[in-house]
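In: structure for the following, please:
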Amino acid sequence: MLVGIRAGYGASWEHTLIVTPQPHSWGADDHELMRRGVRALLEAEAGWKVVGEASDGRELMNKVAETKPDIVVIDIGMPHLNGLEATRRLRSIFPEIKILILSMHDSERIARDVVEAGARGYVTKADAARDLVLAVEALSGNKTFFTSRVDQLILENFLHAGAGKLATPAERLTSRQREIVQLLAEGKGSKEIAVHLELSVKTVETHRANIMRRLGCHSVSDLVVYAIRNDIVHL
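Out: Take a look at the predicted model:
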């Protein structure tokens, strides 16, 4: 799920975008229920208005470019371009945008990756009803916001992190390579990926070979399993 907010005059916000959870991770009824719930939470606040939706990371990038929101709330499990990769790209292109991640999980690894990607906040879906509005308000005031459990995980991670910390699996790959791994994990073949990314099939296959060599994987299925286990992709 993604929400983007543009600050209006005074204490109000005029523009809000919502990217709903992908259908394959939420049943049709749950998908609709979650969308309506988030819309209701936001529109209950004076001056907040939901003005659009997008279904995946690529559509998100286009809509953010069109609307220039101040705050973007991203579902970590978006298809095509997952939430972490979208966060990295948004921070690179629009460094002034504040990003809040919404996730089903609260693992230490994901918490670390969220912060390192440049997000200013992290709320679990289980806590969204309680924390989502508070989180958006915090980010609008140039503060950070993390669900209590996530906040503790981040603190523990930084307290125990050594100066010589090794690169995470995701950090060993380029942005393009992570994008290709995401599409492979979604079941797309080389030809589909080539069309989707506007590359040649040969270029895609070269990227795939380099990724597998870099991560020590011997087949695409090994690569997908490794990527999921190490939070390189989010489905």
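In: what's the weakest-modelled helix or strand in the chain?
Out: strand 13-19 (a mean of 47; mean pLDDT, DSSP states H and E).
In: which stretches of this protein aren't confidently modelled?
Out: Low-confidence segments of the chain, defined by pLDDT under 70: 1-35, 47, 49-54, 150-168, 235.
In: backbone phi and psi for residue 102, please?
Out: Phi and psi for residue 102, reported as degrees, to the nearest 10, are phi -120, psi 130.
In: next secondary structure after the helix or strand where residue 122 lies?
Out: When elements are defined using DSSP states H and E, residue 122 is found to belong to strand 121-124. Using DSSP H and E, the helix or strand that follows strand 121-124 in sequence is helix 128-140.
In: contacts for that following helix next, please.
Out: Contacting residues not belonging to helix 128-140 are listed as 3, 5, 7, 13, 37-38, 41-42, 44-45, 70-71, 73, 98, 100, 102, 120-121, 123, 144-145, 147 [Cβ atoms under 8 Å, 6 or more residues apart in numbering]. For glycine as for every other residue, the C-beta is placed from the backbone atoms N, C-alpha and C.
In: write the PyMOL selection for whichever of those residues are buried.
Out: The buried subset of those, as determined by 16 or more other Cβ atoms under 10 Å, is captured in PyMOL by this line:
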select buried, resi 3+5+13+38+41+42+45+70+71+73+98+100+102+120+121+123+144+145+147
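In: against residue 60, how distant is residue 88?
Out: For residue 88, the distance to residue 60 (Cβ to Cβ, to the nearest Å) stands at 13 Å.
In: what helices and strands are in contact with the strand holding residue 122?
Out: Other helices and strands packing on strand 121-124, by 3 or more Cβ pairs under 8 Å, 6 or more residues apart in numbering; DSSP states H and E, are strand 98-103, helix 108-117, helix 128-140, strand 145-146, helix 148-160.
In: can you do 7 Å?
Out: strand 98-103, helix 128-140, strand 145-146 (3 or more Cβ pairs under 7 Å, 6 or more residues apart in numbering; DSSP states H and E).
In: residue 175: how many residues sit nearby?
Out: 12 (other Cβ atoms under 10 Å).
In: in contact with it, which residues?
Out: 85, 88 (Cβ atoms under 7 Å, 6 or more residues apart in numbering).
In: what distance do you get for it to residue 94?
Out: Using Cβ to Cβ, residue 175 is found at 16 Å from residue 94.
In: separation between the residue nearest the centre of the chain and residue 200?
Out: Centroid-nearest residue in the chain, with Cα atoms, centre = their mean: residue 83, separated by 1.3 Å. As judged by Cβ to Cβ, residue 83 and residue 200 stand 28 Å apart.
In: could you do residue 39 as well?
Out: The spacing between residue 39 and residue 200, counted by Cβ to Cβ, is 42 Å.
In: okay, those two: which has more neighbours?
Out: Higher neighbour count among residue 39 and residue 200: residue 39, with 17 against 11, using other Cβ under 10 Å.
In: roughly how far does the more buried one sit from residue 79?
Out: Computed as Cβ to Cβ, the residue 39 to residue 79 distance reads 21 Å.
In: equivalent analysis for residue 194, please.
Out: Counting by Cβ to Cβ, the separation of residue 194 from residue 79 is 18 Å.
In: over to residue 231?
Out: According to Cβ to Cβ, residue 231 and residue 79 sit 16 Å apart.
In: per-domain residue ranges of the chain.
Out: 2-160, 170-229 (automatic domain parsing).
In: which one of those is the most hemmed in?
Out: Burial of the domains of the chain is given as mean neighbour count (mean count of other Cβ atoms under 10 Å); domain 2-160 ranks first at a mean of 18.
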